[in-house]
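give me a 3D structure for the following:
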Amino acid sequence: MTHKAFKAIPAIKHVFEGDQVGSWAGIMPFTEDGSPIVDNLDGKGLYVATGFGPEGMTTGPGSMMFVADWLKGGERPAILKAYSVDRLKKDDKTTTTTKEN
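Modelled structure (predicted):
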């Protein structure tokens, strides 16, 4: 497949050493509901933006523009309210179901 890419775009071949392209493996953070968390966790200065999964490279930079506005302005932009960590908190009425062996 790499050879096809090099044939289609010869200019990229010099970026890679030899004929083999390296591989990478790592952890992709996901949340329980599949949406990221973009929030101020402690109400003081501990901001997080995580849980983007494979979309982090494409949606992360845009999200950071809103976080930058938040840091400058002091108020969470309305568009980020849906990504609060509070949406994942369980209330006391939640029941947990477990499988028994």
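
phi, psi for residue 35 please.
Main-chain torsions, residue 35, degrees, to the nearest 10: phi -100, psi 150.

next up, the contacts around it.
Residues counted as contacts of residue 35 (Cβ atoms under 8 Å, 6 or more residues apart in numbering) are 51, 82, 83, 87. Just so you know, the C-beta spots here come from the backbone N, C-alpha and C atoms, and that holds for glycine as well.

now do the helices in the protein.
Ranges of helices in the chain, per DSSP state H, are 2-8, 56-73.

pull out the buried residues from the shortest one.
By neighbour count, with 16 or more other Cβ atoms under 10 Å as the criterion, the buried positions of helix 2-8 are residue 6.

do the last one as well
Judged by neighbour count using 16+ other Cβ under 10 Å, the buried positions of helix 56-73 are 56, 63, 66, 67, 70.

please produce CSV containing those, extended by pLDDT and distance to residue 35.
Output for the buried residues of helix 56-73, formatted as CSV (pLDDT from 0 to 100; distance: Cβ to Cβ, whole Å):
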residue, pLDDT, distance to residue 35
56, 84, 13
63, 91, 11
66, 93, 14
67, 93, 16
70, 93, 17
